[in-house]
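Q: attaching a predicted model along with its sequence, questions to come.
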Amino acid sequence: MATNNLKPGDLYFENMFNDATRILEGGLWHNTVPVGNQGTGTDGRYINDLQLVQTGLSADVAAGDFSGDQLTHVNQVLADITTAIASVPGAVNNDAGAETALRAAHLDIINTIENDAILQTLSIKDGNPGFNFPPPELATPLNADTPHATFAELGAIFDDAQSRSLGGINADNLPLIQADLRAVHDGLVTLMHDHAQLFGGATGIHAQTIVNQINLQLTNFDHQYGFNPDAAKATNDNFLDITDIVAGDANLANMASMNGVTGWTAAPATDVVPVPYQDNAAQTNFWADFIASSNTLGAEAEQLVANGSAKQIQAFIHTLQGFEQNVQNFDAAQGGIFEARFDNELLGKDSTVGADVAAMIKGLQTHDAALVTAAADGFHANAADVSGNNVPLNGGTYNADGQTVADALSTATPPLPPPSATPLTPAANSNPVVAGGFGHDPESGGHHPEPGGHHSVPVAAVQFDHVGEHNAAHQHFEHFWG
């Protein structure tokens, strides 16, 4: 054995290289001014991760712990680390050459360690390799002959997009990534239509959420690189969220591996605990209202599908549409890192909210009580998920089971901000909503409402015994932020 004084786990390096791989998906980002306690970006975090590995390996080399092939391979890893770190500034500025060099060096580090049986053994701690592979690229680029008839085959194409995004999305790799995502989007729509029996209830809602978020990537995030400093953060959260959805749904997880093909591969797990977003006063009120509205709307929908009149159901559908639009309006108005983190959950039809609202409306229109319940579960789980990744204005937490704004803020630290004058849920007897369009401003990262958008009006406080009644098995996925 061409190593001395080393044992398994000594090259694990606190799992920091896997953290570097995880945050490299979609690229690195940097903001001059930190917002929401999110720091200035992942560029510094990536460099720190690699420097920890660099320092550890350099010390082992100096101590004479490697010889032969292992010494050669470790020196190659150290050279790749130097290249990767030097490429970070250019990659943050969306330089295609720098992003390509960064991706190549990073992947070479993993391949060098994982293809050396001795170094790989030394990197494993508690069964986890410290240099895990990222989602794989296709053996050959996507073409007309690439199979995509199953959910697993679509996942393999999605993995190719994830792999190609390592280091960032630029003019050179954008066409291939977009081709991948279009194939997955269109293929999944077709699969859901042709094999509807595979996508019932919550599974169908989760699959539609994936379709929505891929469309958001295609039409929005992919085209913000070079203009919006938070584009890489948006892609990272979006891709990680999609693989979380698959892993969190037993039916989708089973279909993700079939006939020797495996897809929807998650990025390597990290031991770094994500920092919750620190909300300002308006955001604190928003999340509290989002929780209360999600819970009460879900309960009312279940009551209406059981015994509501056609007129009541139609009025409630307008209420749901108004809620969706108001949530979109607020998210779009925040811009910056808030949007990068929460667009895929909040931004209208191309979001989790959009999938849940669409499913609830369909369930009401077709009198499908099971679908309405699945959508209500999705409402609650999404509110719990996103609010759980936020901190109210003065600290504490949000009560995800709250049915009023005050109840949702009952676990927040006072003093609480003054309540908002425009609730997210419009009055039940509001007129049909005319959805406003949104023109995206890539330089600001925000969306600007155009004429025709809906404005919420106060709604009478109504309480429902909904929260807590849903089976945990029907809960939406849990999101683990990058």
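A: Sure thing, it's come through.
Q: show me the shaky parts of the chain.
A: 1-2, 428-482 (pLDDT under 70).
Q: ok, Gln217 to Ala91 distance?
A: Distance, Gln217 to Ala91, by C-beta to C-beta, to the nearest Å: 19 Å. For every residue, glycine as well, the C-beta is placed using N, CA and C.
Q: now do Asp244
A: Taking C-beta to C-beta, one finds Asp244 at 25 Å from Ala91.
Q: could you give me the buried positions within the helix ranked longest in the chain?
A: Ordering each helix of the chain by length in residues (DSSP state H) puts helix 281-307 first. Buried positions in helix 281-307, judged by neighbour count with 16 or more other C-beta atoms under 10 Å: 283-302, 304-305.
Q: and if you look at stretch 211-222?
A: Result for stretch 211-222 [16+ other C-beta under 10 Å]: buried residues Val211, Asn212, Gln213, Ile214, Asn215, Leu216, Gln217, Leu218, Asn220, Phe221, Asp222.
Q: before we move on, what about stretch 82-90?
A: Buried, per 16+ other C-beta under 10 Å, within stretch 82-90: Thr83, Ala84, Ile85, Ser87, Val88, Gly90.
Q: closest to Asn31 out of the residues you listed?
A: Checking the buried residues of stretch 82-90 against Asn31 by C-beta to C-beta gives Val88 as the nearest, at 15.0 Å.
Q: run through the residues that contact the closest one.
A: Leu28, Asp43, Tyr46, Ile47, Ala98, Leu102 (C-beta atoms under 8 Å, 6 or more residues apart in numbering).
Q: using CSV, please lay out those residues together with secondary structure and neighbour count.
A: Below are the contacts of Val88 laid out as CSV (DSSP: H, G, I helix; E, B strand; the rest coil; neighbours: other C-beta atoms under 10 Å):
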residue, secondary structure, neighbour count
Leu28, coil, 26
Asp43, helix, 19
Tyr46, helix, 24
Ile47, helix, 18
Ala98, helix, 20
Leu102, helix, 27
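Q: of the residues you listed, closest to Ile124?
A: Tyr46 (22.8 Å).
Q: how far away is that closest one from Phe17?
A: With C-beta to C-beta as the criterion, Tyr46 and Phe17 are 10 Å apart.
Q: okay, and the common contacts of these two?
A: Common neighbours of Tyr46 and Phe17 (C-beta under 8 Å, 6+ apart) do not exist.
Q: for stretch 64-80, give me every contacting residue.
A: 2-6, 53-54, 57-58, 60-61, 105-106, 108-109, 112-113, 116, 118-119.
Q: repeat that for stretch 210-218.
A: 158, 178, 181-182, 184-185, 188-189, 192, 235, 238-239, 241-242, 245-246, 343-344, 347, 349-352, 354-355.
Q: buried among these? Make that a ChimeraX selection.
A: Those of the contacts of stretch 210-218 that count as buried under 16+ other C-beta under 10 Å are selected in ChimeraX with:
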select :158,178,181,182,184,185,188,192,235,238,239,241,242,245,246,343,344,347,349,350,351,352,354,355
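Q: contacts only, for Leu176.
A: Pro141, Leu142, Asp160, Arg164 are the contacts of Leu176 under C-beta under 8 Å, 6+ apart.
Q: can you flag the buried ones in the residues you listed?
A: Leu142, Asp160, Arg164.
Q: quick one: which of these sit in strands?
A: In strands, defined here by DSSP state E, there are no members of those.
Q: can you tell me which of those residues are in helices?
A: Short answer: the buried ones among the contacts of Leu176 in helices (DSSP H) are Asp160, Arg164.
Q: what would the buried ones among the contacts of Leu176 look like in TSV with distance to Ala250?
A: Below are those laid out as TSV (distance: C-beta to C-beta, whole Å):
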residue	distance to Ala250
Leu142	28
Asp160	25
Arg164	29
